[in-house]
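Novice: Take a look and give me a structure for this.
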Amino acid sequence: MDNQQIPGGLLIAIEGIDGAGKTTLAHTLAQHLRAAGAQVVLGKEPTNGPWGTRLRATAATGRLSPEQEVEYLLHDRRQHVEEVITPALSRGEIVILDRYFPSMVAYQGAAGLPLDEMLQANDFAPRPNLLLLLDLQPEQGLERIRARGDKPNHFETAQNLERCRLIFQQLELPNKQIIDASRNEAEVLRDAHAAIAAALALRVGEAGAQLLQNVQGLEL
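Specialist: The predicted model follows:
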């Protein structure tokens, strides 16, 4: 199927606490949208760039202060925006992000940093056309983390994840849609798919009408 462009591109961010299913959903959506004829860039934050790599290396030990984590995250995000996100959107592609600036606001906000200052520090980051918030009880998220064989890091305690969850819920950001992530993958995917079809309908002109029709016709 011919790749089809979207005027101005489409930026989708997938957010939520650890264990909510963000990575699984991001990869599944990318696969389905490519099958519908879209050009898709799949990204994650922190990235695999130098700043993101350094940040992840400290995640297990908690050696960085919240302020240092913010510094690393902002450097990483600026590079991501300049080198990947903005160019892809200018080419009319769909960008799917597994975490974006709301995660920094939630997690560093849970550590006590002011939410408004962190939002302001991310003014340079393009706002998503669709922000999918996968909402989940922290206990269920931790169960999923352990079930996949991972050991929770210093961020991943029930108390901290509950603080993050509340910030995610309270953040007033445009185009935010909350999805109940306690359900199975198929049900979450259906909700996400419907939200993307609605977001595409707002973005595409005549040139992108076929892509929208393809997405709406996908069998899930």
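
Novice: Okay, now the unreliable bits of the chain?
Specialist: With pLDDT under 70 as the threshold, the chain has low-confidence stretches at 1-4, 60-62, 150-156, 204-210, 218-220.

Novice: Mind listing residues that contact the longest helix along the chain?
Specialist: If each helix of the chain is counted by residues according to DSSP state H, the longest one is helix 185-203. Helix 185-203 has contacts (C-beta atoms under 8 Å, 6 or more residues apart in numbering) with 6-8, 10, 12, 21, 24-25, 28-29, 32-33, 129-130, 132, 134, 175, 177, 179-181, 208, 211-212, 215-216, 218, 220. The way it works is simple: take the backbone N, C-alpha and C, and place the C-beta from them, glycine included.

Novice: Restricted to buried residues, select those residues in PyMOL.
Specialist: Only the buried members of those end up in this PyMOL selection, burial being decided by 16 or more other C-beta atoms under 10 Å:
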select buried, resi 6+10+12+21+25+28+29+32+33+129+130+132+134+175+179+181+208+211+212+215
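
Novice: Mark which of the contacts of helix 185-203 are part of strands, please.
Specialist: 10, 12, 130, 132, 134, 177, 179-180 (DSSP state E).

Novice: now the helices for this structure?
Specialist: Chain-ordered helices for the chain, with DSSP H as the definition, fall at 22-35, 50-59, 66-80, 86-90, 101-110, 115-121, 138-147, 158-170, 185-203, 209-216.

Novice: Convert the C-alpha atoms of the second one to CSV, please.
Specialist: If I follow you right, that is helix 50-59. Below are the C-alpha coordinates for helix 50-59, written out as CSV (Å, rounded to 0.1, in the frame of the first residue of the first chain):
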residue,chain,number,x,y,z
PRO,A,50,23.9,10.1,25.0
TRP,A,51,21.7,11.8,27.6
GLY,A,52,19.1,9.2,27.7
THR,A,53,21.6,6.4,28.0
ARG,A,54,23.3,8.2,30.9
LEU,A,55,20.0,8.7,32.6
ARG,A,56,18.9,5.1,32.3
ALA,A,57,22.3,3.9,33.6
THR,A,58,21.5,5.7,36.9
ALA,A,59,17.9,4.5,37.2
